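A.B. asks: sequence and computational prediction follow.
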Amino acid sequence: MTQPHISSRKADFRVYLGSTLLFIYIVISTLIVGVAILGGYFLPFQWRYKFADIWIDCLLYMLKLCCGLSYEVEGLEHIPQDRAAIVLSKHQSAWETVALRQFIRPQTAVLKKSLLQIPFGGWALATLKPIAIDRQNQKEALKMLIDQGIERLQEGLFVVVFPEGTRVAPGAHKKFNAGGAMLAQKSGFPVIPLAHNAGEFWPRNSFLKYPGVIKVKIGPPISSADKKSKDINAEAEAWITQAMAKIEAEKH
Ligand SMILES: CCCCCCCCCCCCCCCC(=O)OC[C@@H](O)COP(=O)(O)O
């Protein structure tokens, strides 16, 4: 694992005030929308999904309003419009776990099952067809990723996987787990590689959110036809590593 560079961001009064207002907003909105989604348990999946979409659109709007944090995406044209795919994404922050849902739709994600215990938010998330794994039980986790992943893809949901398995600090890189690539090999669906630098503005476990523009780069689909999972994984990891270097270079 390469050494991360320490964020040089200064937390002034506006950062504290904005982050506090956002926190209050997240707690209240999660309560209201969480209850709405749970109340809609017997409604079709699309209804609950729509409620979640509204929650995410408002959250990202408030993130910009309160904290001056927004994002820009390059490569949206690479997202297939006629078919689902597996998205292999860099993982640095909680930001990507919600924001990718604004431009890669409809989707589900492979997530650590402890998230589903978060009152109201996690309970609501549990009704949105997540692939909830126990990271301590790798064998079982891989079987769930493949079995449920194929089901979700065939019903038209993009499956978002964070192959690093945990949030990694900006500038650092953790070897990619092969789960997402194995799902591609087994399902025949393509892989969409995705790079971003969200952790520079919304660090892991950070109450403070810093102003700026998160750069997102989406790569061309990587076909999984007649390929081994290790080759698919290597292709995706190489593309994402290169894109992260470009994001870093474009900062200067
Ligand atoms: C209130 C309404 C709620 C509606 C839910 C909207 C949808 C939210 C999508 C959440 C998807 C979460 C994906 C998380 C993936 C995951 O599980 O990553 C683990 C890391 O993060 C944390 O691990 P770590 O960095 O090791 O602490």
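C.D. replies: Nice, thanks for sending it over. Numbers count the residues shown, from 1 in each chain.

A.B. asks: contacts, neighbours, all on C-alpha from now
C.D. replies: Fine.

A.B. asks: what does the stretch 101-250 of the chain put close to the ligand?
C.D. replies: 109-112, 121, 124-125, 166-167 (Cα under 6 Å from any ligand atom).

A.B. asks: repeat that with 8 Å
C.D. replies: 101, 108-113, 115, 120-122, 124-125, 128, 130, 132, 161-162, 165-168, 204-205 (Cα under 8 Å from any ligand atom).

A.B. asks: I'd like to know which of the residues you listed are part of helices.
C.D. replies: 121-122, 124-125 (DSSP state H).

A.B. asks: for those, give me CSV that also has distance to I146.
C.D. replies: What follows is these, written out as CSV (distance: Cα to Cα, whole Å):
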residue, distance to I146
G121, 25
G122, 23
A124, 23
L125, 20
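
A.B. asks: buried subset of these?
C.D. replies: 121-122, 124-125 (16 or more other Cα atoms under 10 Å).

A.B. asks: and for D82, the neighbour number?
C.D. replies: 7 (other Cα atoms under 10 Å).

A.B. asks: now do the SS call for it.
C.D. replies: coil (DSSP: H, G, I helix; E, B strand; the rest coil).

A.B. asks: that one and the ligand, how far apart?
C.D. replies: 23 Å (Cα to the nearest ligand atom, to the nearest Å).

A.B. asks: list phi and psi for that residue.
C.D. replies: phi -110, psi 0 (degrees, to the nearest 10).

A.B. asks: with I232 instead?
C.D. replies: Dihedral angles (degrees, to the nearest 10) for I232: phi -60, psi -40.

A.B. asks: that one: what's its closest spatial neighbour, skipping adjacent residues?
C.D. replies: Spatially, and ignoring its direct neighbours in sequence, I232 is nearest to A181 (5.8 Å; Cα to Cα, 6 or more residues apart in numbering).

A.B. asks: show me what contacts the one you found?
C.D. replies: 191, 229-230, 232-233 (Cα atoms under 8 Å, 6 or more residues apart in numbering).

A.B. asks: so which of those residues sit within helices?
C.D. replies: 229-230, 232-233.

A.B. asks: so which of those is the closest to the ligand?
C.D. replies: N233 (18.5 Å; Cα to the nearest ligand atom).

A.B. asks: all set, thanks.
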